[in-house]
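S.K.: With the input below, show me the fold.
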Amino acid sequence: MATYDFIFNGLGLRDWCDQDATTGPMSMADLLAGSGGGQAEKTMLQSLWELPFPSLDALNQACPAISRSRDLTRGLEESFLNVKDPLKVVLDPITQPLSWVLETALQIFTTTPWWVMLPLLLVLVWVASRSWALMGFVATALGFLLFVDHYTFAMQTMSIIFVCAFLCVVFGVPIGIAMSRSDTMQRISIPILDMLQTLPTFVYLIPLIFLFSVTEPKLYGIAIILYAIVPVIRLTDLGIRLVDKDVIEAAEAFGMTRHQKLVRVQIPLALPNIMAGVNQTIMMSLAMVVIASLVSAPGLGVLVLRGIRNLELGVGLMAGLGIVLLAVILDRVTKAALARVNAAASVPRH
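M.R.: Reported below is the predicted structural model:
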């Protein structure tokens with residue numbers, strides 16, 4: 001007798017429960033219970049101690065008409081597969097440009113000679129930071145990657161981060177601005193952002209693998225963007241909402257329209273927060289690029305995965321060191337740019 005038989009018997013649902021029941025071989029416990037060879041009746045305390053939670057599987061034992069947990073997961077999978085083809089028809093044309101952009105970026109970063117790419121990156125570091133020390137560190141780090149033959153893998157990782165982080169900013173900043181201007185949109189968006197921020201990284205890949213081919217760059221591109229876009233949205237919304245109300249009232253007193261207030265007052269004052277969001281987005285993009293190597297994303301993550309699969313300790317550690325160097329470079333450059341933005345914002349204007 002199942003634990004929760006009394007519920008369905010008491011409600012008069014026994015006939016409904018047994019309509020789908022199938023007879024099969026009895027378990028040893030059932031045979032012993034039926035023959036009286038089992039243990040003596042349990043005390044009330046023992047029964048209460050071993051009482052299972054009324055989960056789907058526990059209720060199914062008492063009422064076969066109730067679905068089991070595996071039936072629920074199978075139904076979820078079948079529902080997704082049923083909408084897979086219509087979704088693919090809609091999403092394929094929309095997301096195909098992402099594949100083209102990623103492929104183009106990979107081609108540019110990996111085919112450009114190192115003696116051209118390295119000075120370009122150093123110029124970019126100088127524009128962002130105005131720091132000779134940081135330029136020296138970046139040159140040393142990239143020189144080390146060249147020396148250990150990890151430069152091509154590093155450039156593949158860098159190209160993916162550039163594209164995905166740029167798209168995160170392009171889409172994330174307008175969404176954050178819209179959230180800051182509408183409480184309703186903020187209430188709608190926050191649960192979605194919470195889900196994207198707390199969902200395990202591997203879970204992002206599961207539905208995308210069913211929707212797109214593993215050989216398509218947009219598969220890992222979409223996963224990276226979904227994972228990394230949250231900070232720039234949140235901090236853009238926060239930065240604009242933290243703008244002093246007195247400043248807004250002064251702008252209104254000068255006759256500024258809503259668009260002028262946003263462009264000339266709110267965004268410039270919120271720029272430090274937005275830049276902080278960009279920094280976090282870049283760091284999260286790098287973290288997801290490593291995970292995305294499981295679905296054919298090129299770069300240093302492939303070497304990490306190879307080290308794990310083949311138990312090649314040296315390969316994994318050296319690739320991990322390369323990832324650390326890229327993370328430090330990206331973090332220091334974006335923080336230096338943020339410091340310059342903060343310094344410019346603190347200078348009084350006459």
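S.K.: the bottom helix or strand of this structure by mean pLDDT?
M.R.: Taking all helices and strands of the chain together, the one with the lowest average confidence (mean pLDDT, DSSP states H and E) is helix 28-35, at a mean of 51.
S.K.: and the secondary structure element (helix or strand) that residue 160 belongs to, what other elements does it pack with?
M.R.: Counting by DSSP states H and E, the element that carries residue 160 is helix 151-181. Contacting helix 151-181 under the criterion 3 or more CB pairs under 8 Å, 6 or more residues apart in numbering; DSSP states H and E are the following elements: helix 69-111, helix 132-147, helix 183-198, helix 217-228, helix 230-241, helix 267-292, helix 300-310, helix 313-346. (C-beta placed from N, C-alpha, C; glycine too.)
S.K.: Please identify which of those helices is closest to residue 204.
M.R.: Distances from residue 204 to each of these were compared using CB to CB; the shortest belongs to helix 217-228, at 4.5 Å.
S.K.: how about the CA coordinates for that closest one, as PDB?
M.R.: Output for helix 217-228, consisting of C-alpha atoms alone and laid out as PDB, is shown next (Å, rounded to 0.1, in the frame of the first residue of the first chain):
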ATOM      1  CA  PRO A 217      28.900  31.300 -34.600                       C
ATOM      2  CA  LYS A 218      25.600  32.800 -33.700                       C
ATOM      3  CA  LEU A 219      25.000  29.900 -31.300                       C
ATOM      4  CA  TYR A 220      27.800  31.000 -28.900                       C
ATOM      5  CA  GLY A 221      27.300  34.700 -29.800                       C
ATOM      6  CA  ILE A 222      23.700  34.800 -28.600                       C
ATOM      7  CA  ALA A 223      24.700  32.900 -25.400                       C
ATOM      8  CA  ILE A 224      27.500  35.400 -24.600                       C
ATOM      9  CA  ILE A 225      25.200  38.400 -25.300                       C
ATOM     10  CA  LEU A 226      22.400  37.100 -23.100                       C
ATOM     11  CA  TYR A 227      24.800  36.300 -20.300                       C
ATOM     12  CA  ALA A 228      26.800  39.600 -20.400                       C
END
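S.K.: that older thread, compile the helices and strands packed on helix 151-181 into TSV and extend it with columns for mean pLDDT and mean neighbour count.
M.R.: Compiled in TSV, those are given as follows (pLDDT from 0 to 100; neighbours: other CB atoms under 10 Å):
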stretch	mean pLDDT	mean neighbour count
helix 69-111	90	13
helix 132-147	95	16
helix 183-198	92	12
helix 217-228	93	24
helix 230-241	95	23
helix 267-292	91	22
helix 300-310	92	18
helix 313-346	89	16
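S.K.: Right, I'll call it a day here.
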